[in-house]
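Peer 1: Below is the sequence, then the predicted model.
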Number of protein chains: 2
Amino acid sequence: MKSFSIGVDLGGTNLRVAAVTPAGELLDHVSLPTRLGAGPHAVLDDMAAAIRQLIDKQRGDLLGIGVGSPGPIELPLGVLHHPPNLTGFDGLNLRTELERRLERPVQVGHDAALAAYGECHLGAGRTHAVDSLVMYTLGTGVGCGVILDGRIWQGMRGAAGESGHGPIIPDGIPCPCGARGCLEMYASATSIVRRARELGLDPPATHDGNGSAHFSASTVAQFATAGDERALRVFDEVGLALGLSLAHLVNALDLPLYIMGGGAAAAWPLFAPRMFATLREGSYVYRQSMPRDPGVFEPGKTHVAPAQLGGDAGILGAALLPLAARATASA
Amino acid sequence: MKSFSIGVDLGGTNLRVAAVTPAGELLDHVSLPTRLGAGPHAVLDDMAAAIRQLIDKQRGDLLGIGVGSPGPIELPLGVLHHPPNLTGFDGLNLRTELERRLERPVQVGHDAALAAYGECHLGAGRTHAVDSLVMYTLGTGVGCGVILDGRIWQGMRGAAGESGHGPIIPDGIPCPCGARGCLEMYASATSIVRRARELGLDPPATHDGNGSAHFSASTVAQFATAGDERALRVFDEVGLALGLSLAHLVNALDLPLYIMGGGAAAAWPLFAPRMFATLREGSYVYRQSMPRDPGVFEPGKTHVAPAQLGGDAGILGAALLPLAARATASA
């Protein structure tokens, strides 16, 4: 019988719940569709039921419950504000609603921050023995989490880590957030597909005839790997955008590690060369502290590397969250 | 007889030493020219002599000695690396050299970080009851200090707060740091003068016939205040540059306060309108948390404001530095 905590990853498509040991071992997990159409209370009921199910199965010492949510979420309060990926959840207090259902305390965090937190303590941060890092998650949007001295830097109201909306190209592509030239408009999976289409890369027909729906960032990556000039240009622009954003963060924070996760980070070999070139050009702090080989870790240097936990980073980080709260409470 | 600490502000032109109470009262101070021509050891001898003189005069309980230095300075080590404003100091270990002369421990920090630290605890941060802020110092260059939860965030090697070299305009004006479009190339006092000249604003002849040497950022500000279109455009560009840099930092860190200090910050009324407009456009985090009136403080909102301690911010921050070290050691 092991002690464990529960981590929850609330996404716009799937809802995942896991039982995790303090060492990061995933004991069990449940994945179900997020029933957005049924409304937020149905989703919360599903979440509470899945959590109870895992707790009952483990029968160990429950250390706490952590939930990662898409933003914007006001922290530490736990209230969602017009979350674009959770239609109908505006104004919902995720924390208190779940605490009421479970009759237990719940910790809530921003999904991108929890992915960074998981990577820091169980993934790339642990591998390289550093406790400060920034993680970019290249998915539908570009999420970003900031970990300083082992703790999530969530900012005054939980809005830290919105570097996906940093205006890297003034007067650049308009972003739904209202700004122009945001990182997200160049480096998200969505933007990779949009930009490929703009450059005339047409989706191939698939066996079910539904080509457009299957034209994803990984399709564009396949074209690029096969040498398609348009697809290569798309990833070159991804690298430029990430390099500029990194230059800002490296100069502002001087951290030992910056990592790239999320689905589109799989295209690392395609965007990394331009990303490193742009970072070298744009940040003298990086030039003064870059490793001889960007792929080889040197203690005391500034590193940019792929994330290591794949799709589990967020749920593992969520499970770690209540452990930190316990440590603080007992300190 | 009061307990006090010593703060030192080592500049490329002047060397200032002050005795300061823990509450920030400046008891006494000495200012002398930095004898760069005589070499770093002569400057260190001058500094040590001035420190001893103040200690002897106060005859109170000396709490510690803090020194602020221009960068790049590797921290916590205290070694200078090719500091552009301290010719001949490359490779010098400021901390150990001064400790050897004084036979006492010395704390060393980056001047821009110490100005931010002073403002946090004794200036704008105290006024507004916040303990996290970023301070930009608009001088010969653009310095930047990051204070998180009341402590200096110095980064892995002391290079945090180099946002003056954040590439806000990709492919913009080349900077001596090797990058293009750095904030410093638009918002420093030096850049204000350079840009005014580029726009055809000629220095007025002064009574000593030495017009060019007296053409400073404040001269440009006088022209702007008098309605000169070229001078107004210069400060509009300063505001644009600061607004873009702020948008990056607000999105990344979500702090309650960002302040502008240094000589060129006196032109606040000239650059603030464009700065706020750019920040509103470029950061949805700011739009969600901006105060109704940018000049009126509202708890829980994001504020951008002038610094409050003037030229004393750095020396006061330096004097506070050893007090924090004592608090940590006794905790």
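Peer 2: Now that the structure is in, tell me what you want to look at.
Peer 1: How about residue A:274: what's its closest non-neighbour residue?
Peer 2: Distances taken as C-beta to C-beta, 6 or more residues apart in numbering or on different chains place residue A:239 nearest to residue A:274, at 2.9 Å, with adjacent residues excluded. Using the backbone N, CA and C atoms, a C-beta is placed for each residue, glycine as well.
Peer 1: and that neighbour, backbone torsions?
Peer 2: With angles defined as degrees, to the nearest 10, residue A:239 sits at phi -60, psi -40.
Peer 1: who are the neighbours in contact with it?
Peer 2: Shown in contact with residue A:239 (C-beta atoms under 8 Å, 6 or more residues apart in numbering or on different chains): A:270-278.
Peer 1: cool, residue A:160 as well?
Peer 2: A:113, A:146, A:153-154, B:252-254.
Peer 1: between those residues, which is nearest residue B:185?
Peer 2: For the contacts of residue A:160, the residue nearest residue B:185 by C-beta to C-beta is residue B:252; the value is 21.2 Å.
Peer 1: helix/strand/coil for that closest one?
Peer 2: helix (DSSP: H, G, I helix; E, B strand; the rest coil).
Peer 1: Tell me who's in contact with it.
Peer 2: Neighbours of residue B:252 in contact, by C-beta under 8 Å, 6+ apart: A:144, A:146, A:160-163, A:166, A:248-249, A:252-253.
Peer 1: Local confidence estimate at the residue of the stretch 51-200 of chain A found nearest chain B?
Peer 2: The stretch 51-200 of chain A approaches chain B most closely through residue A:155 (2.4 Å), counting by C-beta to the nearest C-beta. Residue A:155 is assigned a predicted lDDT (pLDDT) of 97.
Peer 1: burial of it, as a residue count?
Peer 2: 26 (other C-beta atoms under 10 Å in any protein chain shown).
Peer 1: How about it: what's its closest non-neighbour residue?
Peer 2: Residue A:155 sits nearest to residue B:254 (C-beta to C-beta, 6+ apart), 2.4 Å away.
Peer 1: my read: the one you found touches residue A:159, true?
Peer 2: Yes: the criterion here is C-beta atoms under 8 Å, and residue B:254 meets it with residue A:159 at 4.1 Å.
Peer 1: which one of the two has more residues nearby?
Peer 2: residue A:159 (28 against 25).
Peer 1: show me the contacts for that one.
Peer 2: Per C-beta under 8 Å, 6+ apart, neighbours of residue A:159: A:71-72, B:251, B:254, B:285, B:288-289.
Peer 1: quick one: average pLDDT of stretch A:324-331?
Peer 2: Stretch A:324-331 comes out at a mean pLDDT of 64.
Peer 1: Wasn't residue A:160 part of a helix?
Peer 2: No: read with three-state DSSP, residue A:160 is coil and lies in no helix.
Peer 1: And it, how close does it get to residue A:69?
Peer 2: 15 Å (C-beta to C-beta, to the nearest Å).
Peer 1: rewinding a little: among the contacts of residue A:239, name the buried ones.
Peer 2: Neighbour-count burial (16 or more other C-beta atoms under 10 Å in any protein chain shown) applied to those gives A:270-272, A:274-276, A:278.
Peer 1: Can you tell me the SS state at residue A:200?
Peer 2: State at residue A:200, reduced to three classes by three-state DSSP: coil.
Peer 1: Not counting sequence-adjacent ones, nearest residue to it?
Peer 2: Nearest one to residue A:200, counting by C-beta to C-beta, 6+ apart, is residue A:230 at 6.2 Å.
Peer 1: How about residue A:268?
Peer 2: residue A:306 (5.2 Å).
Peer 1: so that neighbour sits right up against residue A:265, yeah?
Peer 2: Yes: contact criterion C-beta under 8 Å: residue A:306 and residue A:265 qualify, at 5.9 Å.
Peer 1: quick one: which of these two has more around it?
Peer 2: residue A:265 (23 against 15).
Peer 1: what's the closest non-adjacent residue to that one?
Peer 2: residue A:138 is the one closest to residue A:265 (C-beta to C-beta, 6+ apart), at 5.1 Å.
Peer 1: wait, that neighbour sits on residue A:261?
Peer 2: Yes: using C-beta under 8 Å, residue A:138 is in contact with residue A:261, at 7.3 Å.
Peer 1: hang on, the earlier thing: now the contacts of residue B:252 in a markdown table, with pLDDT?
Peer 2: Below are the contacts of residue B:252 laid out as a markdown table (pLDDT from 0 to 100):
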| residue | pLDDT |
| --- | --- |
| A:144 | 97 |
| A:146 | 98 |
| A:160 | 96 |
| A:161 | 95 |
| A:162 | 94 |
| A:163 | 95 |
| A:166 | 95 |
| A:248 | 98 |
| A:249 | 98 |
| A:252 | 98 |
| A:253 | 98 |
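Peer 1: looking at those residues, which has the most residues close by?
Peer 2: In terms of neighbour count, residue A:162 stands highest of the contacts of residue B:252 at 31 neighbours, by other C-beta under 10 Å.
Peer 1: Now do the same contact list for the spatially closest residue to that residue that is not a sequence neighbour.
Peer 2: Take residue A:162 and drop its neighbours on the chain: the residue closest to it by C-beta to C-beta, 6+ apart is residue B:251, 4.1 Å away. For residue B:251, the contact set (C-beta under 8 Å, 6+ apart) comprises A:159, A:162-163, A:165-166, B:283, B:285.
Peer 1: With secondary structure added, can I get the residues you listed in JSON lines?
Peer 2: Converted to JSON lines, the contacts of residue B:251 look like this (three-state DSSP):
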{"residue": "A:159", "secondary structure": "coil"}
{"residue": "A:162", "secondary structure": "coil"}
{"residue": "A:163", "secondary structure": "helix"}
{"residue": "A:165", "secondary structure": "helix"}
{"residue": "A:166", "secondary structure": "coil"}
{"residue": "B:283", "secondary structure": "coil"}
{"residue": "B:285", "secondary structure": "helix"}
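Peer 1: Which two among those residues are spaced furthest apart?
Peer 2: It's A:159 and A:166 that sit farthest apart of these, by C-beta to C-beta, at 12.6 Å.
Peer 1: Isn't residue A:257 up against residue A:127?
Peer 2: No: in this structure residue A:257 lies outside contact range of residue A:127 using C-beta under 8 Å: 9.6 Å.
Peer 1: out of the two, which sits in the more crowded spot?
Peer 2: Each of residue A:257 and residue A:127 has its neighbours counted (other C-beta under 10 Å); residue A:257 has more, 25 against 13.
Peer 1: re earlier: which one of the buried ones among the contacts of residue A:239 sits closest to chain B?
Peer 2: Nearest to chain B among those is residue A:278, at 8.6 Å by C-beta to the nearest C-beta.
Peer 1: okay, now the residue nearest to residue A:167 when sequence neighbours are not counted: neighbour count?
Peer 2: Distance criterion C-beta to C-beta, 6+ apart; nearest residue to residue A:167, sequence neighbours excluded, is residue B:282 at 4.2 Å. Residues within reach of residue B:282, counting by other C-beta under 10 Å, total 30.
Peer 1: Residue B:282: what's it in contact with?
Peer 2: Taking C-beta under 8 Å, 6+ apart as the test, what residue B:282 contacts is A:167, A:179-180, B:243-244, B:247.
Peer 1: for residue A:167, same thing?
Peer 2: Neighbouring residues of residue A:167 by C-beta under 8 Å, 6+ apart: A:179-182, B:244, B:247-248, B:282-283.
Peer 1: let's see 6 Å
Peer 2: By C-beta atoms under 6 Å, 6 or more residues apart in numbering or on different chains, the contact set of residue A:167 is A:179, A:181, B:244, B:247, B:282.
Peer 1: The least confident helix or strand in chain A by mean pLDDT - contacts with which helices or strands?
Peer 2: Least confident helix or strand of chain A, by mean pLDDT, DSSP states H and E, is helix A:313-330 with a mean of 85. Contacts defined by 3 or more C-beta pairs under 6 Å, 6 or more residues apart in numbering or on different chains; DSSP states H and E place helix A:313-330 against strand A:4-10, strand A:14-20, strand A:62-69, strand A:107-110, helix A:111-122.
Peer 1: Fine, thanks again, bye for now.
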